[in-house]
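# task: produce atomic coordinates for the following.
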Amino acid sequence: MRYGIVILPEERWSVAAERWLRAERLGFDHAWTFDHLMWRSLRESTWFPAVPTLTAAALVTSRIRIGTLVASPNLHHPVSFAKDIMALDDISEGRMICGMGAGADGFDTTVFGDERPGPGVRADRFAEFVELMDLLLRQQETSYTGEHFQAVAAAMHPGCVQGPRVPFAIAGAGQRGMRLAARYAHAWVTAGRPHRFELGRFDRTIGIVRDQLARLDDACLAQGRNPATLDRMIVAGTQIGGVLASRDSFAEASGMFAELGCTDLIVFWPRPDFPFEGDVDVLDEIAPLLHDTAHATQ
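Residues are numbered from 1 along each chain as shown. Coordinates of the predicted model:
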């Protein structure tokens, strides 16, 4: 099992830098930040964009992998975003992971004054987004004509540090999202039932996650891919809650998800209040568990 942590972009860098450094020192394998312009109950709070945050994080760390959890076409065009990802891969010396999702119907869908896309449109748009991102990050020059995105002789020099491109982590609990993960991704990401934010303890999600993993295996086989070659990342936040309640809870959750076949467990940096409320000192308590298994499967 590998371990990751989400550090929300809600603090000035004078504070946030130490969090990224501490995540690396504690032994986490990867660290992530949300890619939103504003987010749910924190809409009126301090909030910084993902790409500059990850750039700064890449410069103050040296080992830990970094990534977006997750970027979506709500905010990005693939051509400009692929350039950002290429640059982040260079700055981090090959530690970047591009986490992507279709995007929920939240504030980011209306801030530009556009009409809210329905679920079908979001799914279609995301499929094009992933396909074009894959082409852009693999090729020196790409032209593409889709219903939602176009590219005309888009140049990508010098290309990614990682080959054949930056790895993708694709979030998608539905069949279309799983097919995209099976076709394009290094890792698949779930936070439980999609677009649900009710509180719940992690052990109550075992049936949900087991069902998702079975459907993911089917999606891989339909794509002609060995399911064992696709990593499975569990994001423990609200719906999959209680993981950071204590050292014992963390150990229990880690063992449970590993037994199900998950490869990565991602938690949130504890906050003083909702959401992701918790005691930051628990990170020191779980550090020995991170060091016991860190890099064992890398």
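# hey, let's count contacts and neighbours off CA atoms from now on
OK.
# where does residue 128 land in three-state SS?
helix (DSSP: H, G, I helix; E, B strand; the rest coil).
# low-confidence ranges, the protein, go.
195-198, 293-298 (pLDDT under 70).
# for it, which segments count as helices?
Using DSSP state H, the helices found in the chain span residues 13-26, 50-60, 78-91, 119-138, 175-184, 206-222, 247-260, 282-293.
# what packs against the longest one?
Read it as helix 119-138. helix 78-91, strand 141-145, helix 175-184 (3 or more C-alpha pairs under 8 Å, 6 or more residues apart in numbering; DSSP states H and E).
# so the shortest one versus helix 78-91, what angle?
Right, strand 141-145. Here the directions of strand 141-145 and helix 78-91 differ by 150 degrees (axes from the mean of the first three to the mean of the last three C-alpha atoms, to 10 degrees).
# list the contacts of strand 141-145.
Strand 141-145 has contacts (C-alpha atoms under 8 Å, 6 or more residues apart in numbering) with 132, 135-136, 150-156.
# 6 Å instead?
136, 150-155 (C-alpha atoms under 6 Å, 6 or more residues apart in numbering).
# could you do the first one as well?
Outside helix 78-91, the residues within contact range by C-alpha under 6 Å, 6+ apart are 96, 133, 160-161.
# how about a cut-off of 7 Å?
The contact list for helix 78-91 (C-alpha atoms under 7 Å, 6 or more residues apart in numbering) reads 55, 58, 95-96, 129, 132-133, 136-137, 151, 154, 156, 159-161.
# hang on, the earlier thing: TSV for the helices and strands packed on helix 119-138, including distance to residue 231 and mean neighbour count?
Formatted as TSV, these follow (distance: least, C-alpha to C-alpha, whole Å; neighbours: other C-alpha atoms under 10 Å):
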stretch	distance to residue 231	mean neighbour count
helix 78-91	20	21
strand 141-145	28	15
helix 175-184	10	21
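# measure residue 7 to residue 64 for me?
13 Å (C-alpha to C-alpha, to the nearest Å).
# which one of the helices and strands packed on helix 119-138 lies nearest to residue 245?
Among the helices and strands packed on helix 119-138, the nearest to residue 245 by C-alpha to C-alpha is helix 175-184 (30.4 Å).
# show me what that closest one is packed against.
helix 206-222 (3 or more C-alpha pairs under 7 Å, 6 or more residues apart in numbering; DSSP states H and E).
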